[in-house]
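Next comes the sequence, and after it the predicted model I'd like to discuss.
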Amino acid sequence: MQALLLLVPVLVLAFPAFLAGDVIPQATGVGFVGLALLPAALAMVFRRAVPSVRGLWFLLVPILVAVAWLASDGLTDTFEASRVLLQWITALACVLCGATLSARGRSFLVRGAIVLSLAFALVALFDSEHAFTGALGNTGNVSEAALAGAVAGAALAACGRGAWRILGLITFVVFLLFTARVPVLAGSVASAAGIVALVAAQRGRARPIAVGMCVLALIAFVIPFTGRGDANEGSAERADTSVVESKAGGVGVRFLIWKGSAAMSLAHPLSGVGTGQFAAAFPAWRDPREIERTTHGRRIAEETEVEHPHNDWLAPWLELGWIAGVAWAVFLGTVGLCAWRTLRRGAGHEVGIEVDAHDLALGAAGLALLVNALVRGPLLQNPASSVLAFSVFGTLLARDEVGPGRFARRLLPLRIVPIGSVLLLLVATPRALAFVKHGFALQRLVASEGEIDKVQYADADALAACPDSVLALSWSARIAEALHRGNAVVEEEWRRVLALRPLRIEALIQAGNHLRDDDPERAQVLYQRVLVLDARHPAALLDMGTLELDAGHPREGLASIDLLPAHRVPSRAWFEELAARLALSGVDDSAEAVFVRVDPALADPTAEQCIGRATEARKANRPPIVGDAWEARAHMRWARAHAAAGNYADAVRSYRQAVRLCTTHVVAPRRVYLELAAALSLSGKPDEARKQAGNLVPTPEDLAALPDWAAAPLRAGFEQDKK
């Protein structure tokens, strides 16, 4: 019964309807697991089981540090912090429950893992419609969840008896077919490691079938490199865009992530960056080469994030500091040592000790999971594989007899630990339930297919469950954008996201976009923050470039745009419309520079040439802004010529024609208004000039850009008003 209660959460997650469409399965899944493990933990307590677990203290250290972090005020992303803490709590419960299993319970756990592995792999293999992502919505997650059962099945096929040998072999073969078909090379390598360890421990006593399975695993690893495992080529994993799965399994990308992770760890050695704060802190440490590879050379339009280090051995070092990291490494090392000893005992190297084939299967599966954790997140990121992994670890770490007299046992009575794990699960129940509600709400949001009312309701439900969800808050900001609720409202929505993830690039760019009209200086600061994180970010470069052009800095603006990758450089039509908008806004230097960028023949045209360009644009059915911009430029040239000749009344008439065209496309052509006000003042209409200028106060940049005849009266007039 204890083993069955451990398997039930994984069985539910194996149904595609539960997590397959979830955008944050690690949170929804761990929330469900936190609730579903309560019966197993309670059964352990009511059985009065007294687990004696090797290395348990080393597991408790990172849990205590995670709790300490959550009790502090040093965390920004509280959603991820509580998710990671819940993951640690479920890990502790699974280890303790696994350690209390009898021989029959361990056998049941192995057989259940085999059945679950077959279910996960088969569902994914026949899920070509969704790129073989299966029940968990992610090929890597399916591989992790199926790994323990596949290796256990291979061990039973090599060392066991009866019908389970056949089912075990079938499960292992199906698993390898899946890892080769997708491909997920980490799964092939980890499964091979488990079988190789089994063969090595046997020292010549292993059945030939075990050697054959090692060969099968090697073949599964090689197949993707032959060109026949391209089923997933051209499609990214749906739930994890942070690492592009290539034939090489993203190994190069992972090395770059680990390099950045090491630098981050050296910057925060003792305390780490905080429980669950990896995704919030890591953007400052991303390697530009990793970004280029992850975005396929900037061909992916969506923002990519590295949500975890893709190495469960490394994760606690980064988030909890080196003390917790050392303790965690010792714990995993103890698991590996116990797994190896189990395999050695099964080979008869310890006289008088018999080891059941199911225990050998647990030893091989434990080693495979440890290897897989070096390049993926089966322990701390995937709720389905985590339950199986820590339950297996518990069986391997369990002492056969509970002997008295140990200092650790006197200090911490053994029965306190299982009772404490139950209490922790109970305390975490409200948050676990909130994670499940949040995940189901976002599933409805994705399934709404863009219907704004359904999206609003679903996002509101997600925020009601978890007000600190970065994903739900980001959707709230996007909804505000879609409903045109105003720049101030939308900018505030993105600010709420930045309060949780200060380095989230999408939020920085979007907040800047909604600030640029009202407060371009603050927008520029936000774009600069993006470029500090990613110096080649196309959207930030383009936004910064256009902001510089709007400010009248053509050299800086075009230099920023010139840094764009060749395939992301805007079209000629985009440049032409940008130049037209700049011209209508009165930013002449920038407009001239962009027009020349479009066509060098457009440099410094006369008023008559501008009229000709306007006629050509309208005949060619170009956007109206282009023709109007050329006509407005003609009127501006005539106006300045009249003003330079002292004919200010004629200049006013030409300026009014220019203003009429400008205001058709631009809300407030600032410098055009200022020139008109100067002409009105010089034509003997100071009151009308003040009315025309309104609340506009010319900046030093404005005065430098205006003709001398216009700058002088504006400067004098505003100085007089100031007095």
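That came through, no problem.

which parts of the helix ranked longest in the chain are buried?
Determined from DSSP state H, the single longest helix within the chain is helix 416-447. Neighbour counts over helix 416-447 (16 or more other CB atoms under 10 Å) mark 417-418, 420-422, 424-425, 428, 431-432, 434-445 as buried. For every residue, glycine as well, the C-beta is placed using N, CA and C.

now stretch 446-460
Buried residues in stretch 446-460 (16+ other CB under 10 Å): 448, 455-456, 458-460.

How about residues contacting it?
Here stretch 446-460 makes contact (CB atoms under 8 Å, 6 or more residues apart in numbering) with 21, 23, 441-442, 444-445, 472, 475-476, 479, 482-483.

run the last query once more with 6 Å
The contact list for stretch 446-460, computed with CB atoms under 6 Å, 6 or more residues apart in numbering, reads 21, 441, 444-445, 472, 475-476, 479.

mean confidence for it?
Taken as a whole, stretch 446-460 carries a mean pLDDT of 90.

How about exporting that stretch as CSV, limited to the C-alpha atoms?
The C-alpha coordinates for stretch 446-460 follow below in CSV (Å, rounded to 0.1, in the frame of the first residue of the first chain):
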residue,chain,number,x,y,z
VAL,A,446,-3.9,28.9,-23.7
ALA,A,447,-6.9,26.8,-24.9
SER,A,448,-9.0,30.0,-25.4
GLU,A,449,-7.3,30.6,-28.7
GLY,A,450,-7.1,34.3,-28.3
GLU,A,451,-10.7,35.0,-27.3
ILE,A,452,-10.1,38.1,-25.2
ASP,A,453,-13.0,37.5,-22.7
LYS,A,454,-11.9,34.0,-22.0
VAL,A,455,-8.3,35.0,-21.7
GLN,A,456,-9.2,37.8,-19.2
TYR,A,457,-11.3,35.4,-17.0
ALA,A,458,-8.6,32.7,-17.1
ASP,A,459,-5.8,35.1,-16.2
ALA,A,460,-7.9,36.7,-13.4
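
Near Leu374, how many other residues are there?
18 (other CB atoms under 10 Å).

ok, now which ones touch it?
311, 313.

Can you check my assumption that it lies in a helix?
No. With DSSP: H, G, I helix; E, B strand; the rest coil as the criterion, Leu374 is assigned coil and is not in a helix.

ok, now how distant is it from Trp258?
Separation of Leu374 from Trp258 (CB to CB, to the nearest Å): 10 Å.

re earlier: widest-spaced pair of the buried residues of stretch 446-460?
Pairwise distances among the buried residues of stretch 446-460 were taken by CB to CB; the largest, 12.5 Å, belongs to Ser448 and Ala460.

Do me a favour and get the backbone dihedrals for the residue positioned nearest the centre of the chain.
In the chain, the C-alpha nearest the mean C-alpha coordinate belongs to Glu305, at 3.4 Å (CA atoms, centre = their mean). Dihedral pair for Glu305: phi -130, psi 150, per degrees, to the nearest 10.

Leaving out sequence neighbours, find the closest residue to Leu379.
Nearest residue to Leu379 in three dimensions, chain neighbours excluded: Asp312, at 4.2 Å (CB to CB, 6 or more residues apart in numbering).

Looks to me like that neighbour is in a helix.
No. With three-state DSSP as the criterion, Asp312 is coil rather than part of a helix.

Determine the set of other helices and strands touching the helix or strand harbouring Val110.
Val110 belongs to helix 103-125 when elements are defined using DSSP states H and E. Using 3 or more CB pairs under 6 Å, 6 or more residues apart in numbering; DSSP states H and E, the elements in contact with helix 103-125 are helix 2-13, helix 139-159, helix 163-181, helix 357-372.

Relative to Ala712, which of these is closest?
Going by CB to CB, the one of the helices and strands packed on helix 103-125 nearest Ala712 is helix 139-159, 68.6 Å.

For the closest one, output the C-alpha coordinates as CSV.
Provided in CSV are the C-alpha atoms of helix 139-159 (Å, rounded to 0.1, in the frame of the first residue of the first chain):
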residue,chain,number,x,y,z
THR,A,139,10.1,15.5,-24.6
GLY,A,140,12.9,15.9,-22.0
ASN,A,141,10.4,15.6,-19.2
VAL,A,142,8.9,12.4,-20.6
SER,A,143,12.4,10.9,-20.9
GLU,A,144,13.1,11.8,-17.2
ALA,A,145,9.9,10.3,-16.0
ALA,A,146,10.3,7.1,-18.0
LEU,A,147,14.0,6.6,-17.2
ALA,A,148,13.8,4.9,-13.8
GLY,A,149,11.2,2.3,-15.0
ALA,A,150,13.1,1.7,-18.2
VAL,A,151,16.4,1.0,-16.4
ALA,A,152,14.6,-1.1,-13.8
GLY,A,153,13.0,-3.1,-16.5
ALA,A,154,16.3,-3.7,-18.2
ALA,A,155,17.8,-4.9,-14.8
LEU,A,156,14.8,-7.3,-14.3
ALA,A,157,15.3,-8.6,-17.9
ALA,A,158,19.0,-9.3,-17.1
CYS,A,159,18.7,-10.6,-13.5
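
From the contact counts, what lies against it?
Against helix 139-159 (3+ CB pairs under 6 Å, 6+ apart) you get helix 103-125, helix 163-181, helix 185-202, helix 208-222, helix 357-372, helix 383-397.

could you give the angle of the third one to helix 357-372?
What that stands for is helix 185-202. 130 degrees (axes from the mean of the first three to the mean of the last three CA atoms, to 10 degrees).

Quick check: which element contains Ser590?
helix 588-598.

Show me how far that helix is from its chain's centre.
38 Å (CA atoms, centre = their mean, to the nearest Å).

same for the helix or strand just after it, what does it pack against?
Note on helix 588-598: by DSSP H and E, the next helix or strand toward the C-terminus is helix 607-619. Here helix 607-619 touches helix 624-644, going by 3+ CB pairs under 6 Å, 6+ apart.

and the helix it packs on, which residues are buried?
Buried-residue list, helix 624-644, by 16+ other CB under 10 Å: 625-640, 642-643.

Would you tell me what the next helix or strand after it is?
Following helix 624-644 toward the C-terminus (DSSP H and E): helix 648-665.

Against which helices or strands is that following helix packed?
Checking 3+ CB pairs under 6 Å, 6+ apart, helix 648-665 ends up next to helix 624-644, helix 670-682.

quick one: low-confidence parts of this protein?
Applying pLDDT under 70 to the chain picks out residues 203-207, 226-249, 346-355, 401-415, 717-723.

give me the number of residues near Ala66?
By other CB under 10 Å, neighbour count at Ala66 equals 26.

Now do the contacts for Val489.
Ala480.

isn't there a strand covering it?
No. In this structure, Val489 is helix, not part of a strand, as judged by three-state DSSP.

what's the spacing between it and Ser474?
In terms of CB to CB, Val489 sits 15 Å off from Ser474.

Check Ala113 too.
In terms of CB to CB, Ala113 sits 37 Å off from Ser474.

okay, those two: which has more neighbours?
Ala113 (30 against 22).

Not counting sequence-adjacent ones, nearest residue to that one?
Per CB to CB, 6+ apart, closest to Ala113 is Gly149, 3.8 Å.

burial measure for the one you found, as a count.
For Gly149, the neighbour count with other CB under 10 Å is 29.

That one contacts Ser117, correct?
Yes. Using CB atoms under 6 Å, Gly149 makes contact with Ser117 at a distance of 2.6 Å.

among the buried residues of stretch 446-460, which are in helices?
Using DSSP H, the buried residues of stretch 446-460 in helices are 455-456, 458-460.

any chance of those in a markdown table, plus distance to Leu167?
Below are those laid out as a markdown table (distance: CB to CB, whole Å):
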| residue | distance to Leu167 |
| --- | --- |
| Val455 | 45 |
| Gln456 | 48 |
| Ala458 | 41 |
| Asp459 | 44 |
| Ala460 | 47 |
